[in-house]
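Peer 1: Build me a model from this:
(one chain, ligands or ions: 1)
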Amino acid sequence: MTPDKDLLEAALSIQEFESAGKELLGILKKDMQLSVDSLDNKTIDYICPEDQLNYWQDDFYSQQPVTASALFKTILDRSIKLSRRGYVGHQVAPVYPISILSSALSAYLNNGMAVYEMGMAGNAMEKIIIADLAKRFGLPDTATGFVTSGGSLGNLTALLAARAHYLQRQQPSVNYQKLAIMVSEEAHYSIQRAMIIMGLSVDNILKIPINEKGQISIEQLTGLLEKAQKNDWHIFALIGCSCTTSSGSYEDLITLGHFCREQKIWLHVDAAHGGPAIYSNKYKALLAGSEAADSIIMDFHKMMHVPSLSTAVIFRTAAHHKATFSQNAKYLWEDQTSDQWYNSGKQTFECTKPMSIIHTYIALRLYGDKFYAQHIEYLYDLTKNFADLIDQHPLLELLCTPQSNIVCFRYTGDLQRINEINKHILSKIIHEGKFYLVSTSTGGNFYLRTTIMNPRTTISDLEKLLNSVVKFATSV
Ligand SMILES: Cc1ncc(COP(=O)(O)O)c(C=O)c1O
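Peer 2: Model prediction:
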């Protein structure tokens, strides 16, 4: 951009778009190649928050002209790279290359989705993908749903519908403050946040202890429900985690489904992370029982490896969520009352929302559902092999046998200082930068936590991770 050029013209320039675009593609291609070439190319070049802030503050107020590609490159250099083989941290996905391109298309279109004209292709794609997923989960033909921005919002949406459904069947005199949910003690924190947003509190969350596999303890369910009912709690939903965030454990949904049907309790399945196993013949049994769910959420931006945020929210019947989100908006829709799937703003919390479904639609359309089956199977199989390495190692211990692609483990070489040493290992690994992993705590015990997200990661990479764990354990 030359200083004498009109600014609007410069920002709108198609030629500059093309040249910056080519440069960006070059930068991304080179970086992707680094991820393929060697594990030694850093996943994270850790910069402390203050230094990062100072850098960007200086940059923002700098009078120096800058090119788009220089900015792109600096942002890349100062960010964690999920595409690296050493990225085994949180459940956010390194995206497949096609999604980088569909992101550009989505940004260009910027279709807002709430009304049909503002998301003509997106609304239709959303309906198709949701119907396909509902079928895979074994839900009846009445099932319906939509895409929303993230699992946290998805859980809130489902719980709002569950409460509305419960209240429709109760006397108007029901005590709102005694409305409660039952949930695994390992449920994601978004459930608690949703309850607080709904005007309830942590007291309204009845936590169910887990068994050694990390699942809701079925033995304790009936007793806990009886106790809750004696204390006048009105249980409007039970939440099953498929799978849990901390250890990746899938619930026994078959038993939870029977329990909920018998007790007439809404079953919500939080399949934010583990839902995509439904695409794999090898692993879909982990979700057996999902057909009894009243609502299910599944993040596309986790195990479907598309850009954040994109979450399916599926209801057993349309009536379940209508009461929650039917609002009048005369400037948006002429017809306020009828159920029009193509005006998705009628059904969701969001008004303007990104057409995030195009990433999943395009990946499925180009590569087919077998691609996602392969993807899940590669990651879940690799995780099992990784867990075997840990299990066989004399100085390492698994938290539990992984059912998905999440593995928690710790170094046990010095039991006196076990938490201290494992925290030290984590910090050292992150500062070294080759790998990025995270942690979890249970019963006062600190564990290293890995989510094997990257289809480029190999068992030999993970062997090297374990070597680093042991190396840093001895450097305390
Ligand atoms: C089981 C589960 N539910 C919900 C969420 C929240 O999803 P999001 O980060 O998309 O809001 C997560 C995120 O890790 C999760 O693991």
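Peer 1: Please give me every residue in contact with the closest residue to residue 369 other than its chain neighbours.
Peer 2: Once flanking residues are discounted, residue 369 sits nearest to residue 279: 5.4 Å by CB to CB, 6 or more residues apart in numbering. Glycine gets a C-beta too; all of them are placed from N, C-alpha and C. Taking CB atoms under 8 Å, 6 or more residues apart in numbering, we find residue 279 in contact with 136, 369, 372-373, 376.
Peer 1: Residue 390 too?
Peer 2: 396-398, 407, 409, 466.
Peer 1: can you tell me if stretch 175-185 touches the ligand.
Peer 2: No. Contact of stretch 175-185 with the ligand (CB under 6 Å from any ligand atom) is absent, the minimum separation being 9.9 Å.
Peer 1: That stretch - what's its average pLDDT?
Peer 2: The predicted model assigns stretch 175-185 a mean pLDDT of 94.
Peer 1: Distance check, the nearest residue to residue 118 once chain neighbours are set aside against residue 101.
Peer 2: Nearest residue to residue 118, sequence neighbours excluded (CB to CB, 6+ apart): residue 112, at 4.3 Å. For residue 112, the distance to residue 101 equals 21 Å [CB to CB, to the nearest Å].
Peer 1: Give me the more crowded residue out of these two.
Peer 2: residue 112 (18 against 13; other CB atoms under 10 Å).
Peer 1: What residues does the more buried one make contact with?
Peer 2: 118-119, 351-353.
Peer 1: May I have the phi/psi pair for it?
Peer 2: phi -90, psi -10 (degrees, to the nearest 10).
Peer 1: farthest pair in the contacts of residue 112?
Peer 2: The distance between the two most remote of the contacts of residue 112 (CB to CB) is 11.7 Å, for 119 and 351.
Peer 1: Could you list which of the contacts of residue 390 also contact the ligand?
Peer 2: Counting by CB under 6 Å from any ligand atom, no member of the contacts of residue 390 is near the ligand.
Peer 1: Report pLDDT for residue 114.
Peer 2: 85.
Peer 1: measure the closest residue in space to it that isn't next to it in sequence to residue 429 for me?
Peer 2: Using CB to CB, 6+ apart and skipping residues adjacent in sequence, the residue nearest residue 114 is residue 345, 2.9 Å away. Computed as CB to CB, the residue 345 to residue 429 distance reads 45 Å.
Peer 1: just residue 374 next, same as before
Peer 2: Applying CB to CB to residue 374 and residue 429 gives a distance of 29 Å.
Peer 1: Looking at these two, which one has more neighbours?
Peer 2: residue 429 (23 against 15).
Peer 1: could you list every residue that touches the residue in the stretch 51-200 of the chain that the ligand sits nearest to?
Peer 2: Nearest residue of the stretch 51-200 of the chain to the ligand: residue 151, at 2.5 Å (CB to the nearest ligand atom). Counting by CB under 8 Å, 6+ apart, residue 151 touches 188, 190, 270, 272, 297, 299, 302, 311.
Peer 1: Let's see that with 10 Å instead.
Peer 2: 91, 188, 190, 245, 270-273, 275, 297-299, 301-302, 309-313 (CB atoms under 10 Å, 6 or more residues apart in numbering).
Peer 1: do residue 256 as well
Peer 2: 182, 184, 208, 215-216, 218, 221, 238-240, 242, 265, 267, 269, 289, 292-293.
Peer 1: Sitting in helices, which of those do you find?
Peer 2: With helices taken from DSSP state H, the overlap with the contacts of residue 256 comprises 218, 221.
Peer 1: among the contacts of residue 256, which ones are buried?
Peer 2: 182, 184, 208, 215-216, 221, 238-240, 242, 265, 267, 269, 289, 292-293 (16 or more other CB atoms under 10 Å).
Peer 1: The ligand contacts on this structure?
Peer 2: Going by CB under 6 Å from any ligand atom, the residues of the chain near the ligand are 91, 150-152, 155, 188, 190, 241, 245, 270, 272-273, 299, 309, 311.
Peer 1: Tabulate the contacts of residue 112 (JSON lines), appending pLDDT and secondary structure.
Peer 2: Converted to JSON lines, those look like this (pLDDT from 0 to 100; DSSP: H, G, I helix; E, B strand; the rest coil):
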{"residue": "118", "pLDDT": "92", "secondary structure": "helix"}
{"residue": "119", "pLDDT": "93", "secondary structure": "helix"}
{"residue": "351", "pLDDT": "87", "secondary structure": "coil"}
{"residue": "352", "pLDDT": "92", "secondary structure": "coil"}
{"residue": "353", "pLDDT": "91", "secondary structure": "coil"}
